[in-house]
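In: give me a model of this one.
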Amino acid sequence: MSEHFTIELAHVDDVPALMDIVIPCFAHIPVEQLFGNVDTPEGRGAAGKRHLRAWGDHAAESTQHPAIKCVHTDPDTGQGTIVGFAEWFVYEIPGPIEKYDGGHYLIRGAWLSEENGERAKAQSWMKPVYDARKKWLGGRRHAVLMYMCVEKTWRRRGAATMSIQWGLDRCRELGIPAWLEASEDGEPGYRRCGFEEVEKVEMDFDGEKGVFPAMMWWPPGYAEADKRPVLT
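Out: This next block holds a predicted model:
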């Protein structure tokens, strides 16, 4: 792992650089396209505003700022470059199970048009995610790794592992489990960091199937009897 990488909190001025990383990483997924997370200047700008909204909403629920950036500092010039981005939404206080029916703001599609059916389609596509999170997380203190990505020219150098471990360190301090839905590329790295698959989330994008392993990380000392869904 490179000594020239650091993990820092991300703030509003970082958003354009962060969207330059995250949007290309996920723009091929149909639901991201439906959400408007498309790889154009307009798409990146709109996505940035939605992420800022999500950070603001989270501040009302948690003392933990959700967004981090991985920065590489050139040892010769001292120039810092943002090479990775992750969002760790930490919930120190358990919320009501019902809050998961509508999904987190970033996967709810509330900004989509009701008139042309886009919002209803997005919610239909995302319902398996809502249901899985409600089943495993509702009423439980936890953290969700929502987005995690590294700019492609900087991959396989330790940035992703550092971004994951940063969040797991918060979870370990609080004694809470962590949750994510993994991409095919990301799953091996999550397993190496201690995540385990608890079920598969199957999504139907109008006939195009998507399967995303739902994974959890359990903190040391977490009771074995509690390593199960909240809802059965």
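
In: from residue 226, how far out is the closest residue in space to residue 96 that isn't next to it in sequence?
Out: Distance criterion CB to CB, 6 or more residues apart in numbering; nearest residue to residue 96, sequence neighbours excluded, is residue 139 at 7.0 Å. Glycine gets a C-beta too; all of them are placed from N, C-alpha and C. For residue 139, the distance to residue 226 (CB to CB, to the nearest Å) stands at 12 Å.

In: same deal with residue 101?
Out: Taking CB to CB, one finds residue 101 at 23 Å from residue 226.

In: same check on residue 86?
Out: As for residue 86, its distance to residue 226 is 26 Å (criterion: CB to CB).

In: cool, and residue 50?
Out: 33 Å.

In: now do the contacts for the residue sitting nearest the centre point of the chain.
Out: Nearest to the geometric centre of the chain sits residue 146, at 1.0 Å (CA atoms, centre = their mean). By CB atoms under 8 Å, 6 or more residues apart in numbering, residue 146 lies in contact with 66, 87-89, 104, 106, 180.

In: mind pulling the model confidence for it?
Out: At residue 146, the model reports a pLDDT of 95.

In: same deal with residue 1?
Out: 47.

In: coming back round to it: can you tell me which of the contacts of residue 146 has the most neighbours?
Out: Greatest neighbour count in the contacts of residue 146, by other CB atoms under 10 Å, goes to residue 88: 26 neighbours.

In: shouldn't it be in contact with residue 68?
Out: Yes. At 6.8 Å, residue 88 and residue 68 qualify as touching, with contact defined as CB atoms under 8 Å.

In: what touches both of those two?
Out: Listed contacts common to residue 88 and residue 68 are 166-167; contacts here mean CB under 8 Å, 6+ apart.

In: in the chain, where's the longest strand?
Out: strand 80-91 (DSSP state E).

In: and it, what other elements does it pack with?
Out: helix 15-26, helix 41-59, strand 67-73, strand 142-150, helix 159-174 (3 or more CB pairs under 8 Å, 6 or more residues apart in numbering; DSSP states H and E).

In: report the buried residues of that strand.
Out: Buried residues in strand 80-91, defined by neighbour count with 16 or more other CB atoms under 10 Å: 82-91.

In: report the two of those residues separated the most.
Out: Across those, no pair lies farther apart than 83 and 91, at 27.7 Å, counting by CB to CB.

In: just to revisit the earlier point, turn the helices and strands packed on strand 80-91 into a markdown table, columns for distance to residue 96.
Out: Formatted as a markdown table, those follow (distance: least, CB to CB, whole Å):
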| stretch | distance to residue 96 |
| --- | --- |
| helix 15-26 | 29 |
| helix 41-59 | 16 |
| strand 67-73 | 25 |
| strand 142-150 | 14 |
| helix 159-174 | 20 |
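
In: quick one: closest of the ones you listed to residue 214.
Out: Taking these one by one with CB to CB, strand 142-150 is closest: 10.9 Å.

In: pairing partners for the closest one, with directions?
Out: If you go by DSSP bridges, strand 142-150 pairs up with strand 80-91 (antiparallel), strand 178-181 (parallel).
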